[in-house]
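Peer 1: need coordinates for the following:
(one chain, ligands or ions: 1)
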Amino acid sequence: MSVPLTFDGKVVLVTGAGGGLGREYALAFGQRGASVVVNDLGGNAKGEGKNSAAADKVVEEIKAKGGKAVANYDSVEDGEKLIQSALDAFGRIDIVINNAGILRDRSFSRLSELDWDLIQRVHLKGSFNVTRAAWNHMKEQKFGRIIMTASAAGLYGNFGQANYSAAKLGLLGLSNTLAIEGRKLNIHCNTIAPIANSRLTQNIMPADILENLKPEYVSPLVLWLCHEQCEETGALFEVGAGWIGKLRWERSPGHVLLRKNHPMSPEAVRDQWDNICDFKDASHPATVNESLMSMLSMLNKEPAGDGLVANPTSSLGHNPAQAVGYNFPDHTFSYTEMQCILYALGVGMSTKDTDHLRFLYEGHENFACLPTYGVIISQAAVMDSGLTNIPGLEINPTQILHGEHYLKCYQPLPTSGTLISKATILDILDKGSGAVIIINVSTYQGQRLLCSNQWSVFVVGAGGFGGKKSSPHTENTAPPPNRAPDAVVVESTTKEQAALYRLSGDRNPLHIDPSFSAMGGFKDPILHGLCSFGFASRHILKRYANNDPARFCAIKVRFVKPVLPGQSLQTEMWKEGNRVHFQCKVKETGSLTLSGGYVDLYEDQTSDPKALQPVADLQSKLVFAEIGRRIQASGAALVEQVKGVFGWEITQDGKTVAQWTIDLKNGAGALHEGPYSGKADVSIAVSDADFMALVQGKVNPQQAFMAGKLKIKGNIMLGQKLDIILKDVAKL
Ligand SMILES: CCCCCCC[C@@H](O)CC(=O)SCCNC(=O)CCNC(=O)[C@H](O)C(C)(C)COP(=O)(O)OP(=O)(O)OC[C@H]1O[C@@H](n2cnc3c(N)ncnc32)[C@H](O)[C@@H]1OP(=O)(O)O
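Peer 2: I've put the predicted structure just below:
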């Protein structure tokens, strides 16, 4: 035998409980252990008069059966008083049954404003007042059950009941939203439409069924919906004569009328009327999101271009030009080795590739940060302050796509540190189908510029504001040479690629939340553009720069089509001097996703020392800069562990004129000098004469170092693993 449902310890308020359905609910709750507040004003069906007898009688009935009950005679318009009765008598309120109601039936032409107002005040506002007074108590105790009473007149309409129908369907709307707001608080709200013996039913139902329209056939549903075991919320039931049915919305698949070259017009609606009203393949949206998504899925079936929905309502705000020159607040970004590793995983690196280990393992002797991590640092400078708070701009976040990107690296990124970024809106372009916001971000470590980024943010549907079409400030893409690619790499992204990539910082819901991406016009969340960019750039770094981050100078690309997590990326590369042109396709579909891309590489000095260019007249014009290659040193076994390659570059008028590298594979005696303590910032010391000889390529830097003519100066702490970062080049 199943366990009976009881309500011990629970306090129930039933409004309009002096007779009919309300009385039945009150008795049933009382019988099953609940403490009951029996509310009834004691007026007649039209809401006239007052009489305490009805409520008192029900209280007595409950008590006679051993139950607990008190009476309340207030109008539901004074909701606070009803709840106060429950608190005064029983100390809490758990369940509210909004049942009280009156009728003022008249055909619509005779309906007065008073008829309208009275009905709204008792049914809709009364239920609101009572429920709101109970809400915070339920919220605090994390339990609440609420019933709203609608009616078939509200669901379907009924002659002479315009006021009543409106209030009854209004209660359903109220209940739907309370169910959403209460879900996390364990407050459930459901609506019932009891089928009563009325003029409506009298004409269409057989007499034996009408006899069965008894209140005791409704209360079991109400009790179940109010029990703590019941999970149902936000639902609507018709109930009567021993039958219970659940209702939901049904929507026809509908028909998209707006197409390229086919404007919306009343004639188009007329011509498609049958299709609009055809319920074959109907859907049953239960939430706003579901409703929107099924609508968008219809739109996506239409050829609106690249899977995107035309969005004629998107705009860029009242004064886009005002935003040009806007400076975002300076942004501080701190990160550790772990974030470098997380980013490397996010752009598809794997321990399956042993040469990826230097980006995935902080203990690796050449552990490094991928150069494209610079995009994450720069993005935070914009996103942390937000694109939606810029004076003059009003951007719909669901319409933002990454259009193009340019990254220039001046120094390899440290594997941890605190960097400062400065971001500015450089220009805003009107591209017709969208607006492009160009944002420059420069990232510094102290005073040294490490990298700069140029973001082209495409706001779909926000064009046509009369702005300029192009900007002299933008870095341009470059088409690939007209020949078959020199190299092709195909690599699969995973289904979780976007979920993993976003952990590095780009939390745009477009890449994870189906309802958000649906609002952007996509069937499924799409991969971050910069994730595909990360894949492609490391394909090039591996193929043409031996995975050496110090050789990565710059990258530019346009995002032409979205990629879905799980699709494979095919990077096609063409080498032209120090520039590697590239483009990326989605292998499964063959469509181009990254176009006009290029990576510029710094000269390779490690493999070909002879490539060092002698420079004639540097004496007074040298600008020193370090290229920041890192050496790892650790503890007692310092000599063996100080391995690797380091180097620096010299620039003249902002251009690189010489780069040197030194291989420490054979030991680094100079590091043995001095007390090993303190910080690990070091500099290079070299004499004037040796310096010029080095610059002119007359001396091999490796030999100069081994001969002690080139020294590393700085302190190292024993017993700790350290990154030695070349800070400066100093002349002795
Ligand atoms: C700093 C923080 C900012 C954060 C922002 C980024 C946050 C991220 O989380 C968001 C992402 O990662 S989104 C994913 C990556 N991006 C994409 O998938 C976009 C793919 N591209 C498209 O869909 C279309 O190209 C599309 C929709 C962009 C354009 O298609 P259409 O509207 O059909 O345009 P079309 O008719 O081809 O061309 C019209 C004019 O626009 C120019 N244009 C086209 N694609 C562009 C693009 N990708 N970038 C910039 N400009 C672009 C065309 O050149 C043309 O202009 P003109 O007439 O002057 O030649």
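Peer 1: where does the spatially most central residue of the chain fall, phi/psi-wise?
Peer 2: Nearest to the geometric centre of the chain sits Pro509, at 2.1 Å (Cα atoms, centre = their mean). Pro509 adopts backbone torsions of phi -60, psi -20, taken as degrees, to the nearest 10.
Peer 1: if we ignore the residues flanking it in sequence, what's nearest it?
Peer 2: Spatially, and ignoring its direct neighbours in sequence, Pro509 is nearest to Phe516 (3.8 Å; Cβ to Cβ, 6 or more residues apart in numbering). All C-beta spots, glycine's among them, are computed from the backbone N, C-alpha and C.
Peer 1: what's the answer for Ala282, then?
Peer 2: Nearest non-adjacent residue to Ala282, counting by Cβ to Cβ, 6+ apart: Glu250, 4.9 Å away.
Peer 1: spit out the contact partners of the one you found.
Peer 2: By Cβ atoms under 8 Å, 6 or more residues apart in numbering, the contact list for Glu250 reads Phe279, Ala282, Ser283, His284.
Peer 1: from those residues, which land in strands?
Peer 2: Among the contacts of Glu250, no member is found in strands (DSSP state E).
Peer 1: go ahead and confirm Phe582 touches Thr593.
Peer 2: No: using Cβ atoms under 8 Å, Phe582 makes no contact with Thr593, being 11.6 Å away.
Peer 1: settle it for me: which of the two has more neighbours?
Peer 2: Per other Cβ atoms under 10 Å, whichever of Phe582 and Thr593 has more neighbours is Phe582, with 30 against 24.
Peer 1: what does that one show for phi and psi?
Peer 2: With angles defined as degrees, to the nearest 10, Phe582 sits at phi -150, psi 160.
Peer 1: report the beta-bridge partners for it.
Peer 2: Following DSSP bridges, Phe582 is listed with bridge partners Met573, Gly597.
Peer 1: return the residues in contact with it.
Peer 2: 480, 536, 539-540, 557, 571-574, 594, 597-599.
Peer 1: one more: Lys280?
Peer 2: Ser252, Pro253.
Peer 1: ok so, going back, run a quick neighbour tally on the residue nearest to Pro509.
Peer 2: Neighbour count for Phe516, taken as other Cβ under 10 Å: 17.
Peer 1: ok, Gly254 next?
Peer 2: By other Cβ under 10 Å, the residues close to Gly254 number 17.
Peer 1: ok, Phe143 touching Asp94?
Peer 2: Yes: the criterion here is Cβ under 8 Å, and Phe143 meets it with Asp94 at 6.1 Å.
Peer 1: between those two, which has more neighbouring residues?
Peer 2: Neighbour comparison, Phe143 and Asp94: the larger count goes to Asp94, with 23 against 17 (by other Cβ under 10 Å).
Peer 1: my guess is that one contacts Ile146. True?
Peer 2: No: between Asp94 and Ile146 there is no contact under Cβ under 8 Å: 10.1 Å.
Peer 1: return the set of buried residues in the helix or strand encompassing Val58.
Peer 2: Per DSSP states H and E, Val58 falls inside helix 53-64. For helix 53-64, the neighbour count (16 or more other Cβ atoms under 10 Å) marks Ala54, Ala55, Asp56, Val58, Val59, Glu61, Ile62 as buried.
Peer 1: quick one: the first one and Val560, what's the gap?
Peer 2: Using Cβ to Cβ, to the nearest Å, one obtains 73 Å as the distance from Ala54 to Val560.
Peer 1: contacts made by whatever helix or strand Val38 lives in with the rest, please.
Peer 2: Here Val38, judged by DSSP H and E, is contained in strand 35-39. Contact partners of strand 35-39, identified using Cβ under 8 Å, 6+ apart, comprise 10-18, 26, 29-30, 55, 58-59, 62, 67-74, 76, 82, 85-86, 89-90, 100.
Peer 1: pull out the buried members of those.
Peer 2: Among the contacts of strand 35-39, the ones that count as buried by 16+ other Cβ under 10 Å are 10-18, 26, 29-30, 55, 58-59, 62, 67, 69-74, 76, 82, 85-86, 89-90, 100.
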